[in-house]
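Enquirer: Mind folding the following:
(2 chains)
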Amino acid sequence: MPVGTVASVKAVPQETLEELGAQIILGNTYHLYLRPGVETVRRMGGLHRFMSWNRAILTDSGGFQVFSLSELRTLNEEGVTFRSHLDGSSHFFSPESAMAAQIGLGADIIMAFDECTEYPADPARVRASMEMTARWAARSKKYFEEHKHEVPWQAVSGFEYRVSSGGNGRNSKPETRNGSAELPSATPALFGIVQGGMDRQLRKESAERTVEIGFPGYAIGGLSVGEPRELTREIVESTLEHLPKDQPRYLMGVGNPEEIVEYASLGVDMMDCVQPTRAARHGLLFTSEGRISIKQARYAQDSEPLDPNCGCRVCQRYSRAYLRHLYASNEVLAQILNTVHNLSFYLDTMRRVRHSISLGEESRSLSGIWSRPKP
RNA sequence: GCACAGGUGGGUGAGUGGUUAAAGCCGACAGACUGUAAAUCUGUUCCUCCUAGCGAGGUACGGAGGUUCGAAUCCUCCCCUGUGCA
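Expert: Sure, this is the predicted structure:
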């Protein structure tokens, strides 16, 4: 899932995302709540209509911002008091207000309000944080069930794809509508989030408690927060054992191309990461033959495409030398082309993963994923 | 020709007697980036040597000479640039 924090996947227009085959993108409650404001989005017909994106949207609850903006917050049982990074103003988020905000934004999948435990953290702190997340999950669900129909009305035309709210996401049928009539949007799906730091036992307990509350999908949060990669893998693997296989399992905030393939092979169904978009803006490009730092002098006169095995428009049309020049010149086009390629690479990788899974090749090696069949 | 102003490392630009191989910014060259306060952040950027260190030596602030224990900084002459006046 490409990340589009402020209702924008940075540097890429929605039509290009469609072309790349993105089925779902992320938005962030914290950021959108601050600007333009939930009420504005609601009045504009909800996030889909506001940003003209007819495919699925998942909104993060703001729980991660509690973690990443920790200098600007105070936290208690009731919720979190934030100071806005934009103007320093004070705001309060609770499970209830985070649900209200997400329902108001009108995403397809919304996330429980959790607390992303920092790393490292002592055992007592990890347990307390995990338990807080569990209590908040119950409150999130309660509020959600009472208010889930209060989504924005959307006068949608060409409404082509939407994750259904019931059951698990996999079996949902895309709905196609072509009318001009106003439709009430379907109710969103609320996913729970597992925490528990790097402790397998706490992860198990968190997973069980979250499953007991009951959600149509489950996320593994609190990883990729600075821990060694080996540990991430170990925790993901052990946590997955305690989450239902027949429901979407979402690993939050991960990862590199190698990692997303690996986690998919472990049974993760959904992932999101800023890596492809941010790295692209910083000149780091992912290819079937490894990483390329396009800013390096060695590419100054390299007429090859970025990735000879890539079918994206960027690789079909532009040379490494040109991409390096654009980057060195600080041109906006560098960000656009780089991001388009990286997203293309990620989305293509996941298409291959899905194809492999459909063929029953779930353990297919990473190199197998990226090698092209000989023509 | 006269009068002012000025010539500093790849660029720009601080520095007006000593802790200055010379700030900052730009450029160049590397590196980082994992539920986005990120078109961001970090490092290196005169030469040589080694035991690789807040190491040793060399060269350097238009040119030449001088004053001084010590000069990018003060003095003399010269060269060059900009502006104004003839």
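Enquirer: make it CA atoms for all contacts and neighbour counts henceforth
Expert: OK.
Enquirer: Give me the distance between the closest residue in space to A:Cys116 that isn't next to it in sequence and A:Glu331.
Expert: Excluding the flanking residues, the one nearest A:Cys116 by Cα to Cα, 6 or more residues apart in numbering is A:Gly222, at 4.9 Å. Separation of A:Gly222 from A:Glu331 (Cα to Cα, to the nearest Å): 36 Å.
Enquirer: Hmm, A:Met51 is touching A:Ala7, no?
Expert: Yes: A:Met51 is in contact with A:Ala7 according to Cα atoms under 8 Å; the separation is 6.5 Å.
Enquirer: Pick out whichever of these two has more residues nearby.
Expert: The neighbour count for A:Met51 versus A:Ala7, taken as other Cα atoms under 10 Å, is higher for A:Ala7 (23 against 16).
Enquirer: these two touch, right, that one and A:Arg49?
Expert: No: look at A:Ala7 against A:Arg49 with Cα under 8 Å: they stay out of range, at 10.9 Å.
Enquirer: ok so, going back, looking at A:Gly222 and A:Glu331, which one has more neighbours?
Expert: A:Gly222 (27 against 12).
Enquirer: Quick check: phi and psi on the more buried one?
Expert: phi 70, psi 20 (degrees, to the nearest 10).
Enquirer: Enumerate every residue touching the residue nearest to the spatial centre of chain A.
Expert: Ranked by distance to the mean C-alpha position of chain A (Cα atoms, centre = their mean), the top residue is A:Asp272 at 3.1 Å. By Cα atoms under 8 Å, 6 or more residues apart in numbering, the contact set of A:Asp272 is A:1-3, A:26, A:251-255.
Enquirer: Just flag the most distant two among those residues.
Expert: The largest separation in the contacts of A:Asp272, counting by Cα to Cα, is between A:Leu26 and A:Gly255 at 14.7 Å.
Enquirer: Please identify the residue most distant from the middle of chain A.
Expert: A:Gln301 (36.4 Å).
Enquirer: just checking, what packs against the helix ranked longest in chain A?
Expert: In terms of residue count, the longest helix belonging to chain A (DSSP state H) is helix A:332-358. On a contact count with 3 or more Cα pairs under 8 Å, 6 or more residues apart in numbering; DSSP states H and E, helix A:332-358 meets helix A:14-20, helix A:257-266, helix A:275-281, strand A:284-287, helix A:313-317, helix A:320-328, helix A:366-370.
Enquirer: Which positions within it qualify as buried?
Expert: A:334-350, A:352-354, A:356 (16 or more other Cα atoms under 10 Å).
Enquirer: Next, report how far it is displaced from the centre of its chain.
Expert: Put simply, helix A:332-358 sits 14 Å off its chain's centre (Cα atoms, centre = their mean, to the nearest Å).
Enquirer: between that helix and helix A:320-328, how big is the angle?
Expert: Angle, helix A:332-358 to helix A:320-328, by axes from the mean of the first three to the mean of the last three Cα atoms, to 10 degrees: 120 degrees.
Enquirer: ok, now how distant is A:Tyr299 from A:Gln316?
Expert: Counting by Cα to Cα - A:Tyr299 and A:Gln316 are separated by 17 Å.
Enquirer: if you count what's nearby, which of these two comes out ahead?
Expert: A:Tyr299 (20 against 14).
Enquirer: Mind checking which of A:Leu26 and A:Gly255 has more residues around it?
Expert: Neighbours per residue, other Cα under 10 Å: of A:Leu26 and A:Gly255, the larger number sits with A:Leu26, 24 against 19.
Enquirer: For the more buried one, give the beta-bridge partners.
Expert: A:Val3, A:Leu58 (DSSP bridges).
Enquirer: How much space separates it from RNA strand B?
Expert: 7 Å (Cα to the nearest atom of the strand, to the nearest Å).
Enquirer: ok, now A:Ala100?
Expert: On the measure of Cα to the nearest atom of the strand, A:Ala100 and RNA strand B end up 16 Å apart.
Enquirer: how many neighbours does A:Glu208 have?
Expert: Residues near A:Glu208, counting by other Cα under 10 Å: 17.
Enquirer: Pull up the gap between it and A:Thr117, please.
Expert: Taken as Cα to Cα, the span from A:Glu208 to A:Thr117 is 18 Å.
Enquirer: Equivalent analysis for A:Ile260, please.
Expert: Applying Cα to Cα, the value for A:Ile260 to A:Thr117 is 22 Å.
Enquirer: Please tell me I have it right and A:Val211 contacts A:Leu243.
Expert: Yes: the criterion here is Cα under 8 Å, and A:Val211 meets it with A:Leu243 at 7.2 Å.
Enquirer: Right, I'll call it a day here.
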